[in-house]
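# Give me coordinates for this.
(one chain, ligands or ions: 2)
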Amino acid sequence: MKKFYIETFGCQMNAHDSEKVIGTLLSNGYEQVETPEAADLVFYNTCSIRDKAEQKVFSRLQEFKRRNKGKTFAVLGCVAQQEGERIFEKAPHVSMVCGSASYNRLAEMLVQVEAGNKRVTGLSLDTEDTFETPLTRRDNPHRAYITIIEGCDKSCAYCVVPFTRGPERSRASDNVLREARELAEMGYTEIQLLGQNVNSYLDPSPAGLTFAQLLSRVAEVPGLRRVRFTTSHPRDFGKDIVDAIDGNPVLCNFVHLPVQSGSSRVLRAMQRLYTRDEYMRRIEWLKSSPRGIALSTDIIVGFPGETEEDFEETLGLLDEVEYDSIFSFKYSPRPNTPALRLTDQVPDEEKGRRLTILQEKQRGIQLRRNAEYIGRVEEVMVEGFQKSTGQWIGRTSQNKTLNFTTPAPASDTLIGGYLPVRVLRAGANSLVGESLN
Ligand code: 5AD
Ligand code: SF4
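Ligands and ions are numbered 1, 2, ... in the order given. Predicted coordinates for the structure are as follows:
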């Protein structure tokens, strides 16, 4: 039997694509192994969101340039789509290059690879299909991803995704709901709905559900205890989503709403299609929810033309919103993107300085916010056990890590279960507590 190894870089969409790719390989008679050394076929599912992410796959391929011993290498995902056949020139031991919009041809491409074809490609973005697989091998037995929309129709000036994942394609709501019911019957209690831009969801089936309606319907599936979704684009984020969260406690009280910058001038240059005020209106809806919705965001510092003043507006936004967590990045110029043509680049050193200031500020905000949880009882889903600290690892509906000890001796039957935990201490990135039973 042919053995394969797969390593995945990048976002949750990529992680879930890999689960579907693994399912496809298994149902085609391949066996998964834990190391590239033990494999006949080595897959890298790649990310090209920033230059650093892109370089990872090339350094992996470099490791095997001289000692590939008859192995076949395949590059999947965003770098595959972006670099296409150039990958064969850079790394001649690669035989297959396939972007995510072509995964529904994967089985057919594997046949070509098996037949000894040294340059098999799947690079067309011209698809109306989503990647549906008869078998998906999920990594986690309690929490599962479901894709609801693939691709992206926005054109943020810094972003490669519209080039690497193609145009938006929504999945029919009946397929999404069927998958949710099947997962619940298999024992999954948490579901995360995925898409580059879930708010653009446009149901192609006669039911014609909006994203908020789909959310509510998934949350009604018997057996599910938590439903999350990512990623939202502020432009398409409607008040109906907040109403849906208010209406059903299964919908987690956590929303990731990437802002990118606190300066309307920079937002315009980024082609984000909203102003700071419009973004803040959405934050007000979220903050006025009785559910106590936790908020996170993405921020880019050093976009071309970002002045000290613009940057200070971003710092001011952090104070105003008080996010529960942020992901922050130095702007990285990407191939094909409109921002490449902008002349006023910010020096790398200055980007680094801004990033440090931003992260320091946010650390203080998180310390303060998390301290407010001390004394409260929160329900966690138990994700694991950390031997070194003797603590269980839990996650709250608000997506906070809450590590805890139990009065009774530990047993691994806790994993996947839900428990009330009293918060005793708080750090910037996690809470510590003790379970009540
Ligand atoms: N440079 C830096 N960060 C980027 N992101 C997307 N493109 C770039 C880029 N060229 C960030 C955005 C996005 C997150 C997934 O990655 O903040 O929301
Ligand atoms: Fe990386 Fe974006 Fe591709 Fe996800 S969609 S793998 S973040 S480039």
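# Quick check: phi and psi at the nearest residue in space to residue 197 that is not next to it in sequence.
In space, and not counting its chain neighbours, residue 197 is closest to residue 233: 4.6 Å by CB to CB, 6 or more residues apart in numbering. C-beta coordinates here come from the backbone N, C-alpha and C atoms, glycine included. Torsion angles at residue 233 (phi, psi; degrees, to the nearest 10) stand at phi -100, psi 130.
# how many other residues sit next to residue 233?
Number of residues near residue 233 (other CB atoms under 10 Å) recorded here: 20.
# pretty sure it contacts residue 199?
Yes - using CB atoms under 8 Å, residue 233 is in contact with residue 199, at 5.6 Å.
# Look up how far residue 424 lies from residue 434.
6 Å (CB to CB, to the nearest Å).
# ok, now residue 245?
28 Å.
# So those two - more neighbours on which side?
Neighbour count, other CB under 10 Å: between residue 245 and residue 424, residue 245 has more, with 25 against 14.
# is it true that the more buried one touches residue 292?
No - judged on CB under 8 Å, residue 245 makes no contact with residue 292 at a distance of 10.5 Å.
# Mind listing the shared neighbours of those two?
residue 253 (CB atoms under 8 Å, 6 or more residues apart in numbering).
# surely residue 289 meets residue 241?
No - using CB under 8 Å, residue 289 is not in contact with residue 241, being 10.3 Å away.
# If you count surrounding residues, which of those two has more?
Between residue 289 and residue 241, counted using other CB under 10 Å, residue 241 has the larger neighbour count: 24 against 14.
# The nearest residue to the more buried one once chain neighbours are set aside: neighbour count?
Distances taken as CB to CB, 6+ apart put residue 212 closest to residue 241, at 4.9 Å, once the chain neighbours are dropped. The number of residues packed near residue 212 is 20, by other CB under 10 Å.
# show me where pLDDT drops low in the protein?
410-412 (pLDDT under 70).
# Within range of ligand 2, give me the residues from it.
Residues of the chain found near ligand 2 (CB under 6 Å from any ligand atom) are 10-11, 13-14, 47-49, 77-78, 160-161, 164-165.
# Go again with 8 Å.
Neighbours of ligand 2 within the chain, by CB under 8 Å from any ligand atom: 9-14, 45-49, 53, 77-78, 100, 159-161, 164-165, 196.
# Which ones among these map onto helices?
Under the assignment DSSP state H, those contribute 12, 13, 14, 53, 77, 78, 161, 164 to helices.
# Filter those residues down to the buried ones.
Buried by 16 or more other CB atoms under 10 Å: 13, 14, 53, 77, 78, 161, 164, out of those.
# and these near ligand 1, which?
Among these, ligand 1 is touched by residue 161 when using CB under 8 Å from any ligand atom.
# Of the ones in helices among the residues of the chain next to ligand 2, just say which sits nearest to ligand 1.
Distances from ligand 1 to these, taken as CB to the nearest ligand atom, are shortest for residue 161 (7.4 Å).
# what's the distance between that closest one and residue 368?
Distance, residue 161 to residue 368, by CB to CB: 34 Å.
# what's the answer for residue 340, then?
In terms of CB to CB, residue 340 sits 39 Å off from residue 368.
# next one: residue 49
Counting by CB to CB, the gap from residue 49 to residue 368 is 30 Å.
# Between the two, point out the one with more neighbours.
A direct count of neighbours by other CB under 10 Å for residue 49 and residue 368 places residue 49 higher, at 20 against 12.
# is it true that that one touches residue 160?
Yes - Residue 49 lies in contact with residue 160 (CB under 8 Å); the separation is 6.5 Å.
# The closest residue in space to residue 298 that isn't next to it in sequence in helix, strand or coil?
Distances taken as CB to CB, 6+ apart put residue 258 closest to residue 298, at 3.8 Å, once the chain neighbours are dropped. Three-state call for residue 258 (DSSP: H, G, I helix; E, B strand; the rest coil): coil.
# Check the spacing between the residue of the stretch 51-200 of the chain at minimum distance from ligand 2 and residue 106 real quick.
Closest approach between the stretch 51-200 of the chain and ligand 2, counting by CB to the nearest ligand atom: residue 78, at 3.4 Å. Distance, residue 78 to residue 106, by CB to CB: 16 Å.
# got it, and residue 356?
Here the criterion is CB to CB. By it, residue 356 lies 42 Å from residue 106.
# ok, the two, which is more surrounded?
Between residue 356 and residue 106, counted using other CB under 10 Å, the more crowded position is residue 106 (21 against 12).
# Buried residues, the host helix or strand of the more buried one. List them.
Element membership of residue 106 [criterion: DSSP states H and E] is helix 106-114. Residues of helix 106-114 classed as buried: 106, 109, 110, 112, 113 (neighbour count, 16+ other CB under 10 Å).
# Would you state the strands of the stretch 251-400 of the chain in chain order?
254-256, 294-301, 325-330, 377-386, 391-396 (DSSP state E, counting those that start in this stretch).
# is it possible to export these to TSV including mean neighbour count?
Putting those into TSV (neighbours: other CB atoms under 10 Å) gives the following:
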stretch	mean neighbour count
strand 254-256	23
strand 294-301	21
strand 325-330	18
strand 377-386	17
strand 391-396	22
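# wait, doesn't residue 283 sit right on residue 321?
Yes - look at residue 283 against residue 321 with CB under 8 Å: they come within range, at 5.5 Å.
# Which neighbours do the two have in common?
In terms of CB under 8 Å, 6+ apart, residue 283 and residue 321 are both contacted by the residues residue 295.
# Once you drop chain neighbours, what's closest to the residue of the stretch 201-350 of the chain found nearest ligand 2?
Nearest to ligand 2, among the residues of the stretch 201-350 of the chain, is residue 334, at 8.8 Å (CB to the nearest ligand atom). Nearest in space to residue 334, with sequence neighbours left out and distances taken as CB to CB, 6+ apart, is residue 160 at 4.5 Å.
# How about the contacts made by that neighbour?
48, 49, 78, 82, 334, 335, 336, 337.
# Drop anything exposed from those.
Applying 16+ other CB under 10 Å to the contacts of residue 160 flags 48, 49, 78, 82, 334, 337 as buried.
# Roughly how far does the fifth one sit from residue 131?
Spelled out, that is residue 334. The gap separating residue 334 from residue 131 is 23 Å, by CB to CB.
# Is there contact, residue-wise, from the biggest helix by length in the chain to ligand 1?
Counting by DSSP H, the longest helix found in the chain is helix 348-371. No - residues of helix 348-371 contacting ligand 1 under CB under 8 Å from any ligand atom: none, with a closest distance of 9.5 Å.
# Distance from the chain centre to stretch 128-148, please.
Taking CA atoms, centre = their mean, to the nearest Å, one finds stretch 128-148 lying 14 Å from the centre of the chain it belongs to.
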